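Student: Give me coordinates for this.
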Amino acid sequence: MPLTWTTHAYAALTVPELYALLQLRSAVFVVEQTCAFQDLDGHDAAAHHLLGRTATGELAAYARLFPAGRSYPEASIGRVAVAPAFRRHGLGRQLMQQALAECAALWGPQPIQIGAQLYLREFYRGFGFEQVGEGYLEDGIAHIHMLRL
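Tutor: Residues are numbered from 1 along each chain as shown. This is a model prediction of the structure:
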């Protein structure tokens with residue numbers, strides 16, 4: 001399924017884009033994962049927001065991108081989400097490929113660190129990420145730090 005990709009700094013997001021990305025994040029990270037946590041964490045203003053839209057304009061995939069020094073010493077990708085209605089079409093892979101390309105376009109080639117849910121370790125390894133350090137619980141979900149050099 002082809003998507004149209006756009007990346008915006010926070011201040012450049014339209015109100016409908018902001019609403020759609022917050023709605024997607026809430027649907028995936030709060031409702032689907034039954035995890036009560038503060039998604040609006042105060043970091044969105046420092047991020048670039050990667051949006052993947054269908055031909056009809058529906059937000060199907062999203063990720064938040066940070067420069068080095070914001071979340072980790074390295075650049076980082078977070079809040080990686082594919083809307084439930086659009087899963088099983090390879091969009092997670094498209095999203096990560098686009099996120100990596102956008103990080104390189106924004107900040108040049110450099111290491112990227114992520115905090116990944118443990119069950120997705122092999123998925124991220126497919127993009128060159130390797131686990132660093134021990135696992136940890138975040139909001140009751142097993143996570144690991146992963147680094148791509």
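Student: how far away is Phe123 from Cys103?
Tutor: 17 Å (CB to CB, to the nearest Å). Placement of C-beta: from N, CA and C, glycine included.
Student: What segments of this protein are strands?
Tutor: Secondary structure of the chain (DSSP state E): strands located at 4-9, 48-53, 59-66, 75-82, 112-117, 130-138, 141-148.
Student: burial of Ala12, as a residue count?
Tutor: The number of residues packed near Ala12 is 11, by other CB atoms under 10 Å.
Student: Can you check the pLDDT for it?
Tutor: On the pLDDT scale, Ala12 is placed at 98.
Student: Now do it against His143, distance only.
Tutor: Distance from Ala12 to His143, by CB to CB: 30 Å.
Student: picking up where we left off before, so which of the strands of the chain is nearest Gln33?
Tutor: strand 141-148 (6.8 Å; CB to CB).
Student: Tell me the buried residues in the closest one?
Tutor: His143, Ile144, His145, Met146, Leu147, Arg148 (16 or more other CB atoms under 10 Å).
Student: Could you check the angle that strand makes with strand 75-82?
Tutor: Per axes from the mean of the first three to the mean of the last three CA atoms, to 10 degrees, the angle that strand 141-148 makes with strand 75-82 is 130 degrees.
Student: what lines up beside strand 141-148 in the sheet?
Tutor: Strand pairing for strand 141-148, using DSSP bridges, gives strand 112-117 (antiparallel), strand 130-138 (antiparallel).
Student: To Ala47, which of these lies closest?
Tutor: strand 112-117 (13.6 Å).
Student: For that closest one, buried residues please.
Tutor: For strand 112-117, burial by neighbour count (16+ other CB under 10 Å) applies to Ile112, Gln113, Ile114, Ala116, Gln117.
Student: Likewise for stretch 76-92?
Tutor: Quick answer for stretch 76-92 (16+ other CB under 10 Å): Ser76, Ile77, Gly78, Arg79, Val80, Ala81, Val82, Ala83, Phe86, Leu91, Gly92.
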